[in-house]
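**Q** need a structure here:
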Amino acid sequence: MNDRFFVKELNKEAYFVAKDGAFLNELFHPEKEGLSLSFSIAYGRVDPKKSTKAHRLNQPEIYLFLSGEGIFKTGAEKSYPVRTYSLVYVPAGCLQWVENPAEEPLSFLCIVSPPWKAEWENEENL
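**A** Prediction:
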């Protein structure tokens, strides 16, 4: 891989809907950027009055909430209020989803190590 310094901005055309229903935009993914990173970073958003689907990842994940207010839920029936600058660590295999009961979008960064792959995301039916 070729390490180099660069700056990247969100590409408005690069949004996609993940299996969990969140709108995502990958910022840095080593395989796509030619970087020697052991993690990926994506920008995510949950629209007002919406939630993601319950899901599990096979790798640990960190959420850093950038704006809005919501509720982070786990399979242990625990709920954690989140807002701007809340940080959530999710262990590998942990059931998780995000609810946005507010009138404003809830935005966050997802940092996943090893780098995220869509096929590693397992949706749960609750």
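**Q** end-to-end on stretch 87-95?
**A** 17 Å (Cα to Cα, to the nearest Å).
**Q** so for the protein, which residue is the most central one in space?
**A** Nearest to the geometric centre of the chain sits Cys110, at 3.7 Å (Cα atoms, centre = their mean).
**Q** now do the contacts for Arg45.
**A** Residues in contact with Arg45 (Cβ atoms under 8 Å, 6 or more residues apart in numbering) are 22-23, 105-108. In this view, the C-beta of every residue, glycine as well, is placed from N, C-alpha and C.
**Q** so Glu31 is in which element?
**A** helix 30-33 (DSSP states H and E).
**Q** now for that helix, which elements pack on it?
**A** Of the remaining helices and strands, none touches helix 30-33 by 3 or more Cβ pairs under 8 Å, 6 or more residues apart in numbering; DSSP states H and E.
**Q** can you pull the buried residues of that helix?
**A** Neighbour counts using 16 or more other Cβ atoms under 10 Å place Glu33 of helix 30-33 among the buried residues.
**Q** show me what secondary structure element comes after it.
**A** Counting by DSSP H and E, the next helix or strand C-terminal to helix 30-33 is strand 40-46.
**Q** no more questions from me, cheers.
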